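>>> What would the 3D arrangement of this be:
(chains A, B, C and D)
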2 protein chains.
Amino acid sequence: MLDTKSAVTVLTALAQGHRLEVFRRLVAAEPEGMAAGELARQLDVAPAALSFHLTHLGHAGLVTSSRQGRSIIYRADFSTMRTLLGYLTQDCCGGRPEICGDLSVWNAAEGCAPTRRTSKDVK
Amino acid sequence: MLDTKSAVTVLTALAQGHRLEVFRRLVAAEPEGMAAGELARQLDVAPAALSFHLTHLGHAGLVTSSRQGRSIIYRADFSTMRTLLGYLTQDCCGGRPEICGDLSVWNAAEGCAPTRRTSKDVK
DNA sequence: CTTTTAATTCAATTATTATTGAATTATTGA
DNA sequence: TCAATAATTCAATAATAATTGAATTAAAAG
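Predicted structure coming up:
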């Protein structure tokens, strides 16, 4: 389970228009992922600015990256999002699973957002 | 369903230590809620600062308030959190419900986070 | 080896958020 | 009415976060 500090880190990463949009598009782009430059073009954000946001998302554990030729490919990491959803559900429903339903089923489910860290993250 | 801009508003509201903690305690304090002053004491935050955060949470639709004597009682509003969870789930799993499971069941569920706006919000 | 392309890092700037202390509003009780 | 309590609003400051343009690193192609 996530501690409050980590939860704030992940929430902060998602609480920004460009970053939330990046994450959305990376989810849609699974499992191929997308190059940093392509994301910058699609969102019409300066490469340096996007790099900042991607680093931010990476720190929060929401994306992974790997070099492919001269491009760096980013991919959404579902597991962190799942952890966040679990945390918020606990927060939201505390000792009252009857209010929001029991999410533990899909938190425990097999095949649910497997960690896809098949390649080392780019440094 | 939440649009991206509103999602950012709600995420921003939660992406701050004091506010996340306030929300957590208000969830735990349901259904009585808690006075602003009591929250300020418990979190050891200056009243003016807490007021700022409570306004922030109120704007995002995460808390409601009502005056009771000289105190102002705040309560967690589950419905916004539920909406956020639904949005993030869509985001996270896109057209792939098999990845995170189908949350639509508890989004549609009866008795799930009824809107408890029994009193007018304090202006 | 030089040039081009892709991306990042860095330092500076700009913009946004959070905190503080003083002043203000609302309510209660002496 | 007056003093005390609870909370908010306001203006100023402090702290963080985001953007920019220039410089740098890495890989591919001529």
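>>> For chain A, what lies in contact range of DNA strand D?
A:12, A:16, A:18-19, A:45-46, A:48-49, A:52-53, A:56, A:67, A:69-70 (CB under 7 Å from any atom of the strand). C-betas here are computed from N, CA, C, even on glycine.
>>> all strands for chain A, in order.
A:34-35, A:63-68, A:71-76 (DSSP state E).
>>> tell me the average confidence for the shortest one?
Averaged across strand A:34-35, the pLDDT comes to 98.
>>> Centre of the chain to it, how far?
15 Å (CA atoms, centre = their mean, to the nearest Å).
>>> what's the answer for the last one, then?
Distance of strand A:71-76 from its chain centroid, counting by CA atoms, centre = their mean, is 12 Å.
>>> Can you name the residues in contact with it?
Residues outside strand A:71-76 that contact it (CB atoms under 8 Å, 6 or more residues apart in numbering or on different chains): A:22-23, A:26-27, A:29-37, A:39, A:54, A:57, A:62-67, A:116, A:122, B:92.
>>> Same check on the shortest one?
Where contact means CB under 8 Å, 6+ apart, the residues beyond strand A:34-35 that reach it are A:Arg25, A:Leu26, A:Gln68, A:Ser71, A:Ile72, A:Ile73, A:Tyr74.
>>> filter those down to the ones near DNA strand C?
A:Ser71, A:Ile72.
>>> Looking at the contacts of strand A:34-35, spot the one nearest A:Val8.
Of all the contacts of strand A:34-35, A:Val8 sits closest to A:Leu26, with 21.7 Å by CB to CB.
>>> burial count for the closest residue to the closest one other than its chain neighbours?
Nearest residue to A:Leu26 in three dimensions, chain neighbours excluded: A:Ala76, at 4.0 Å (CB to CB, 6 or more residues apart in numbering or on different chains). Per other CB atoms under 10 Å in any protein chain shown, the neighbour tally for A:Ala76 reads 28.
>>> for A:Ala76, which residues make a bridge with it?
A:Ala76 has these beta-bridge partners by DSSP bridges: A:Val63.
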